[in-house]
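[1] sharing a model that was predicted from the sequence below.
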2 protein chains.
Amino acid sequence: MDDRHEGDHHDIEVEGGALHGFERKISGILDDGSVGFRQPLLARNRKNTTSQIAIVGANTCPIESLDYEIFENDFFKQDWRSRKKIEILQYTFLKWALAFLIGLATGLVGFLNNLGVENIAGFKLLLIGNLMLKEKYFQAFFAFAGCNLILATAAASLCAFIAPAAAGSGIPEVKAYLNGIDAYSILAPSTLFVKIFGSIFGVAAGFVVGKEGPMVHTGACIANLLGQGGSKKYRLTWKWLRFFKNDRDRRDLITCGAAAGVAAAFRAPVGGVLFALEEAASWWRNALLWRTFFTTAVVAVVLRSLIEFCRSGRCGLFGKGGLIMFDVNSGPVLYSTPDLLAIVFLGVIGGVLGSLYNYLVDKVLRTYSIINEKGPRFKIMLVMAVSILSSCCAFGLPWLSQCTPCPIGIEEGKCPSVGRSSIYKSFQCPPNHYNDLSSLLLNTNDDAIRNLFTSRSENEFHISTLAIFFVAVYCLGIITYGIAIPSGLFIPVILAGASYGRLVGRLLGPVSQLDVGLFSLLGAASFLGGTMRMTVSLCVILLELTNNLLMLPLVMLVLLISKTVADCFNRGVYDQIVTMKGLPYMEDHAEPYMRNLVAKDVVSGALISFSRVEKVGVIWQALKMTRHNGFPVIDEPPFTEASELCGIALRSHLLVLLQGKKFSKQRTTFGSQILRSCKARDFGKAGLGKGLKIEDLDLSEEEMEMYVDLHPITNTSPYTVLETLSLAKAAILFRQLGLRHLCVVPKTPGRPPIVGILTRHDFMPEHVLGLYPHIDPLK
Amino acid sequence: MDDRHEGDHHDIEVEGGALHGFERKISGILDDGSVGFRQPLLARNRKNTTSQIAIVGANTCPIESLDYEIFENDFFKQDWRSRKKIEILQYTFLKWALAFLIGLATGLVGFLNNLGVENIAGFKLLLIGNLMLKEKYFQAFFAFAGCNLILATAAASLCAFIAPAAAGSGIPEVKAYLNGIDAYSILAPSTLFVKIFGSIFGVAAGFVVGKEGPMVHTGACIANLLGQGGSKKYRLTWKWLRFFKNDRDRRDLITCGAAAGVAAAFRAPVGGVLFALEEAASWWRNALLWRTFFTTAVVAVVLRSLIEFCRSGRCGLFGKGGLIMFDVNSGPVLYSTPDLLAIVFLGVIGGVLGSLYNYLVDKVLRTYSIINEKGPRFKIMLVMAVSILSSCCAFGLPWLSQCTPCPIGIEEGKCPSVGRSSIYKSFQCPPNHYNDLSSLLLNTNDDAIRNLFTSRSENEFHISTLAIFFVAVYCLGIITYGIAIPSGLFIPVILAGASYGRLVGRLLGPVSQLDVGLFSLLGAASFLGGTMRMTVSLCVILLELTNNLLMLPLVMLVLLISKTVADCFNRGVYDQIVTMKGLPYMEDHAEPYMRNLVAKDVVSGALISFSRVEKVGVIWQALKMTRHNGFPVIDEPPFTEASELCGIALRSHLLVLLQGKKFSKQRTTFGSQILRSCKARDFGKAGLGKGLKIEDLDLSEEEMEMYVDLHPITNTSPYTVLETLSLAKAAILFRQLGLRHLCVVPKTPGRPPIVGILTRHDFMPEHVLGLYPHIDPLK
């Protein structure tokens, strides 16, 4: 790109003008809105148009990047070097203790969630079952629809009024947080509360939704709560907890939380670790692998002992295995070439339908977000509408299927069974007959999946039943995702895939000897591969669900085929949702067009820098006028011969420094006094929204005139890149090291020591392609 | 570290003096050994004392770093931009085709290995069995020891004479290669050949060794062979293959090969992927996860069809399951608190014994490497000595154990069985009795493990038998690892752990109701955790081996306990071996002491840089005199106002350029002519040892006087760091981005544009602590 576009961007509309002098107008912003700058204006001054807000759950809110980089200022060095051996041991012990607590809490919540859903849905279906036996069909329908509606409204109002961020599955938000994007409400305690109870009511309300996504978000919220480094409000101020008051340690804890969520939802510990690795986390290292592994092991042991406790019937209508434990026939799986062809066919069609699912979900989400933006009442009305529709389908469709006589030689009371989890539901059929469509629709989702996975010998679904159920579940799943209740995507996709797989199994009956139950499992795998594009973690989750390792190669091949086919059409459902919500997610590879540009081509925004000993007023003015979070600090004469880049100072640290009021009248370096007066702990980073704000400062006029030495809080080891470094390489550096600010330094001597600062927004496609519209995005 | 040690290092002994002029002495080195430098000498000129050689297998050989960084010179930009869509499709298809081929080949080799061992060992044991029946004990011993000796000498001579790099398990070498260290013979075709057949003979020779480590090395060699980008020697010069002629793609293929090796050895596809992730690879991304997953899926399908083929007895003495497929009793595992306590005890002791195992292996390896260095004959003699010792133990020890009557109600011919894989070996016992120690020692390792894992109901080992076997296997395993045959560590560790676990199970019989077979499996897990310090991959491998997911939480807890206990003593066995062999392995975290230093503190070696248009003689002289692989290129007047860093040029590219002989008499820039004359493909990087050498160039005197423009081959986007960046951050940057050269640029203007170049050797503890002995390595 030799011909630099010098003049293409002329509107030098500057955000705040030059900061020559400063007028302290405590009351309001300067009349002419001009904020002086110390640096000569850049030849070309671009504003970064990418939005600083994003949709979190069902709400738009401001977002900020996280500080993962180790901030080596003097406080850090002093604190780090003064850490005694015992403190390091405390820190290590605490890391594992918190991981244990996360596993324990998530396991309990997962069990509670399952217990709640099974009991609420259980009593609801029992009520309807009895009414149907008495052939009071209309009463049964109104009771069914009524119960669903009440539960749905409860979930929706929790979500709409208390924590809108708890709507939807939460996996995209957790994925964005672990990539370095923080929004106030993503992992707030209110979100945690609503996610737990909203998910129980939502799933029990008969929606085609799952609890897996919400469980991941719940695990992450629990981890965030524990990683707050204690809170003064609840007098949790042990010295120990303060070690965790930084984003890096919180990120590790939240990765453990996400893994614990999946482990609790599927009772799949290894699957949970792999999900965190493949889908949730953006950075990975072996130490994190072991800690997540430990957390999911704790979840597995907690769940097992709770299930053991419930086996003796002390937990009400708690189902046999409780958590989904499908036992596909574990006979040795022998397959020949026609079977392999049938499976390839299953994978290809699964991939196509999966990518179609993504496409439709994206469209539905865009329309729903317009409705949701109108306010809480609209959110609730939308939820009620979808609830009524789901109830009508679940109750209405079974009338279309004929009654089938019970298989001979079945145990007494098993067919038709009034109890909850069984394959034979009588619905409107005469005695000794059962309605197979109602055993799928009028059941909890877990039991419907278990019915679909059972082998042919145990039960037989008509082809028409499977077709109706597949279409109903496919459409309901799409229109339900996006309403303002906690809703996971795994179960709808598994339900649709399982019924599609069993349908294909029945159709290819003569061709292949594979059991229909196995076809159903492979169908579910193909849909999961087609929508979520995960492979290893899905494969291990399905294995742990069905406890049958012999099918491993088949499940692997189906997943790979469906993923490859679906990748030709669009991206994974979570990646799509992250982009649609406007979360600035940084991929781990550089886009091809970035190779045509260099670092300085995308540097944007007015560069505000401070000198090493700066006037308090100048700092206050800059913090007030701009939303920058990082400010370069320049060493200038008389402190050094020529002006040199000293490092970067963060807004949060500047605010703490200004609040400390360690100022001096003369412009001299007095860093050591500041070092003694404050403690490194004061600069620990609390969760978003809790730190100091510019409004909290009250500085007198006289203080505004004094000077403060910024050296103690300056990161004297910032990562820098030459302005001529190719943008692709700068993006890889920024992403691999998890930076928040990257300094661009000039190549030719004799110019100001810093050209600009790159933040994650400068690497976003909208910004780069917005600046250079003529570049071909794919080349 | 404010007080810089200015004067502590005074010996300015310079490697080659100043390169003012150049005297072309084609015949030999300059008499006074002085090679002029263009740059003023550094104030302090340190030599990097870390060795450029390392022990690979049983041989020392020179090592070099690999180029993982994308080298953005003009050729790359021209080639990259001219890639048509069809070429990108070809590249993607080829990547998956090569992954398929690696899976296929490794699966076949794994099966062949197993077939070879089962048949050779089978006939050997059959022969001894018959002789024992005829009570010709001495004849039986000499036949046994003789067979073992012949097989051992065959393996040793293959190793000693053809490919010394094939000795040992190979995992440390593959781990080092995937970290960026290349040695000539690590993955050479000769190493592949010797590894396959050496491993068959070695395992069949009755040594206490495994085939898992060699299988990983075999998989990596196969991948390296396919990743050579074709070879002119065998007329494999399709245009397609050339895409792979770079270190990055080869690294991905070799990661797939390593995963395929484990998948073939354990018949554990998901375990293979996780092993590659946790232990082998240093860089990981999702795209690599899917490709390794695909490769191991292919291995699983290949193995399953081959086993199916052999089930009908067409493969000679091929055992029932062939590959180890232990079916621990798959009854539901119920455990109470005493069981958990027993398991915690098992894990702690397993961790201690595991770390002791590492410590002893390290000591034995150091003594053996002194012997091995003396030459091939010493290597073979050492192998023969160990072979004789193993035969004596295997044949001698069973005499110590009493004969046990066969369990009643056993099928006919099953006890004692003359056939190969069974639990009841008669050895010297009267009819209807069996010798339990001989069923462990006089058996292939796979069958011994299967016997140990079987549940109590099927067989009973005396406590004394288990104790003798444990001590024998523990010691033999330690003294066998390090001799010059391909030998894996997994089987010896599993054997020792299984017998230790079963011993503990028998001792704690009254306390816990857990089955002895399960105790044996958990004992093996604790030993594996204690020696190799892997968790998730080991856990999944053990699950896939025993096909029983219900024990997952127990296996997880034992692994975590044993790892934590062992970590207090020393590091994992493979990490220890990598350091002991002198391979400069870069960890993914910075050492604590690095925070006290800055980048320029460790810059070492005389800096040789070229100007953008340089004299051919100067380049030739520098290439001849030094072993540097990267040279900074400086833009100087008259081409720019002030001297500026233009980029880095690689030795391999300089040699290709000089061979092209596109020189010009005047000192002008003629980069575009060079661009047209050479192709990007000429600069493709072949495997080590195959590229051009300085000796291959013959330049006339007149050509030495001409000029060459280096701009087309210069990487104009080098990563640079300020000289004051903390060494810890520089190390993290170097390691995360997989660099080979990192430029250190000055902070204050008005100095030469480059302070020095950092390579992987500059971050090694020996170098850094060597320069600053007073720094506390742990603080």
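    That came in fine, so what should we check first?
[2] for the stretch 301-450 of chain A, which segments count as strands?
    For the stretch 301-450 of chain A, applying DSSP state E, counting those that start in this stretch gives strands covering A:404-405, A:433-434.
[3] strands paired with the last one, and their directions?
    Put plainly, it is strand A:433-434. strand A:404-405 (antiparallel) (DSSP bridges).
[4] circling back to that earlier point, can I get the strands of the stretch 301-450 of chain A in a markdown table with mean neighbour count, mean pLDDT and distance to residue B:83?
    Every residue, glycine included, has its C-beta placed from N, CA and C. Shown next, in a markdown table, are the strands of the stretch 301-450 of chain A (neighbours: other Cβ atoms under 10 Å in any protein chain shown; pLDDT from 0 to 100; distance: least, Cβ to Cβ, whole Å):
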| stretch | mean neighbour count | mean pLDDT | distance to residue B:83 |
| --- | --- | --- | --- |
| strand A:404-405 | 14 | 80 | 60 |
| strand A:433-434 | 20 | 80 | 61 |
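[5] closest one to residue A:195 among those strands?
    strand A:433-434 (36.7 Å; Cβ to Cβ).
[6] which residues of the stretch 1-150 of chain A score low on pLDDT?
    A:1-51, A:77-82 (pLDDT under 70).
[7] which residue does it bring closest to chain B?
    residue A:72 (5.5 Å; Cβ to the nearest Cβ).
[8] the residue of the stretch 301-450 of chain A found nearest chain B: neighbour count?
    Nearest residue of the stretch 301-450 of chain A to chain B (Cβ to the nearest Cβ) works out as residue A:301 at 4.9 Å. Close neighbours of residue A:301, defined as other Cβ atoms under 10 Å in any protein chain shown, add up to 21.
[9] so it touches residue B:557, yeah?
    Yes. Here residue A:301 lies in contact with residue B:557, judged by Cβ atoms under 8 Å, at a distance of 7.4 Å.
[10] ok, and the closest non-adjacent residue to the residue of the stretch 301-450 of chain A closest to chain B?
    residue B:553 (4.9 Å; Cβ to Cβ, 6 or more residues apart in numbering or on different chains).
[11] is residue A:721 in a helix, a strand, or coil?
    Three-state call for residue A:721 (DSSP: H, G, I helix; E, B strand; the rest coil): strand.
[12] and it, bridged to which residues?
    residue A:744.
[13] that one contacts residue A:732, doesn't it?
    No. Taking contacts as Cβ under 8 Å, residue A:721 lies outside contact range of residue A:732: 10.9 Å.
[14] more neighbours, those two?
    In terms of neighbours (other Cβ under 10 Å), residue A:721 is the more surrounded of residue A:721 and residue A:732; the figures are 25 against 20.
[15] check contacts around the more buried one.
    A:599, A:729, A:730, A:733, A:742, A:743, A:744, A:745, A:758, B:719, B:720 (Cβ atoms under 8 Å, 6 or more residues apart in numbering or on different chains).
[16] and it, what's its pLDDT?
    Per-residue pLDDT puts residue A:721 at 90.
[17] likewise residue A:734?
    The model's pLDDT for residue A:734 equals 90.
[18] what is the burial count for it?
    Based on other Cβ under 10 Å, the number of other residues close to residue A:734 is 24.
[19] packing partners for the strand or helix carrying it?
    In the assignment (DSSP states H and E), residue A:734 maps to helix A:727-736. Helices and strands touching helix A:727-736, by 3 or more Cβ pairs under 8 Å, 6 or more residues apart in numbering or on different chains; DSSP states H and E, are helix A:599-602, strand A:720-722, strand A:742-745.
[20] dump the residue contacts of the residue of the stretch 1-150 of chain A closest to chain B.
    Contacts of residue A:72 (Cβ under 8 Å, 6+ apart): A:715, A:716, A:717, B:595, B:726, B:729.
[21] repeat that for residue A:206.
    A:121, A:124, A:144, A:148, A:151, A:387, A:390, A:391, A:394.
[22] counting neighbours, what do you get for residue A:517?
    26.
[23] using the three-state scheme, assign the closest residue to it other than its chain neighbours.
    Spatial nearest neighbour of residue A:517, chain neighbours left out: residue A:455 (4.1 Å); criterion: Cβ to Cβ, 6+ apart. Following three-state DSSP, the label given to residue A:455 is coil.
[24] was I right about residue A:455 contacting residue A:520?
    No. Using Cβ under 8 Å, residue A:455 makes no contact with residue A:520, being 9.4 Å away.
[25] neighbour count for those two, which is higher?
    It is residue A:520, of residue A:455 and residue A:520, that has more neighbours when counted by other Cβ under 10 Å, with 31 against 15.
[26] you'd agree that one is in a helix?
    Yes. Counting by three-state DSSP, residue A:520 is located in a helix.
[27] ok, longest helix in chain A?
    helix A:85-133 (DSSP state H).
[28] helices or strands next to that one in the packing?
    Counting by 3+ Cβ pairs under 8 Å, 6+ apart, helix A:85-133 packs on helix A:137-157, helix A:189-204, helix A:212-226, helix A:247-266, helix A:286-311.
[29] now those helices as a markdown table including distance to residue A:671?
    Listed next are these as a markdown table, based on distance: least, Cβ to Cβ, whole Å:
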| stretch | distance to residue A:671 |
| --- | --- |
| helix A:137-157 | 54 |
| helix A:189-204 | 39 |
| helix A:212-226 | 34 |
| helix A:247-266 | 25 |
| helix A:286-311 | 34 |
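[30] lowest average pLDDT across the ones you listed?
    Out of those, helix A:286-311 stands lowest, with a mean of 85 (criterion: mean pLDDT).
[31] okay, the angle between that helix and helix A:85-133?
    Calculated by axes from the mean of the first three to the mean of the last three Cα atoms, to 10 degrees, helix A:286-311 forms an angle of 40 degrees with helix A:85-133.
[32] now the helices for the stretch 551-700 of chain A?
    A:552-567, A:573-580, A:599-602, A:616-625, A:651-660, A:671-677 (DSSP state H, counting those that start in this stretch).
[33] and for the stretch 251-400 of chain A?
    Counting by DSSP H, counting those that start in this stretch, the helices of the stretch 251-400 of chain A are A:269-275, A:286-311, A:337-373, A:376-396.
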